[in-house]
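*Asks:* Model the following, please.
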Amino acid sequence: MLCVSSVTYSFILCGSQFGFVTPQRWLRQGDPLSPYLFLLCTEAFSSLLQKEERSGRLLGVAVCRQAPQVSHLLFADDTLIFCQASVDAALCIMEVLEIFRRAVGQEINFDKSSVVFSKNTVPVLREGIQNTLQVRVEGGHDLYLGLPSVVGKTAVQSFNLFGTEFGTGLVDEIRGIFLRQAKRS
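*Replies:* Below is the predicted model:
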């Protein structure tokens, strides 16, 4: 990424060019190459998390017994990391974030980051993980892209917030999926 940091900007005011500014961060918004560089960096970040998962330091989460474990999901410029609650996993995540930060020259905004715990996580462990990650604890009631960030045991309750035909149809579809799965078992 160092080869990308050589750009400088100047300002044009009333038709005259003024000064030069060298950016402090390496990826620039608006540059035609930026989306491709961002994808490469995101892929590298994903590979770092997968490497830690293969080594056993980071254990993903499965939604049911037959489902594969998932350790992370990437949405545009957001990342959701799923793992079993342990201070070791939190340390592993911090190490991966630091490697990524140093490699691409982007700062992690911990003020916009949060952690959500399952209700089975004991308070002492929650506190240890929060101290390691230095992020706020979310109660799981926030919305992400207009949807509940955490869906509890009853998806029907979680999606009742829509209160529209869409919400009703979604709830009916969820019920149908669970009924079809129950019949197969």
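*Asks:* can you confirm Thr42 is in a helix?
*Replies:* Yes: under DSSP: H, G, I helix; E, B strand; the rest coil, Thr42 falls within a helix.
*Asks:* what's the burial count for it?
*Replies:* If you count neighbours by other C-beta atoms under 10 Å, Thr42 ends up with 16. For every residue, glycine as well, the C-beta is placed using N, CA and C.
*Asks:* if you skip the residues just before and after it, what's nearest to it?
*Replies:* In space, and not counting its chain neighbours, Thr42 is closest to Leu74: 5.9 Å by C-beta to C-beta, 6 or more residues apart in numbering.
*Asks:* can you give me the strands for the chain?
*Replies:* 9-13, 16-21, 72-75, 78-81, 114-115, 136-137, 143-144, 147-148 (DSSP state E).
*Asks:* so of those, which one's packed in deepest?
*Replies:* Of the strands of the chain, the one with the most neighbours on average (mean count of other C-beta atoms under 10 Å) is strand 114-115, at a mean of 18.
*Asks:* domains for this structure, by residue range?
*Replies:* If you go by automatic domain parsing, the domain ranges for the chain are 31-148, 151-185.
*Asks:* deepest of the ones you listed, which one?
*Replies:* domain 31-148 (a mean of 14).
*Asks:* on that earlier part again, output the domains of the chain as TSV; include the columns mean pLDDT.
*Replies:* Shown next, in TSV, are the domains of the chain (pLDDT from 0 to 100):
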stretch	mean pLDDT
domain 31-148	87
domain 151-185	57
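*Asks:* got these as CSV, with distance to Phe18 columns?
*Replies:* Compiled in CSV, the domains of the chain are given as follows (distance: least, C-beta to C-beta, whole Å):
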stretch, distance to Phe18
domain 31-148, 21
domain 151-185, 51
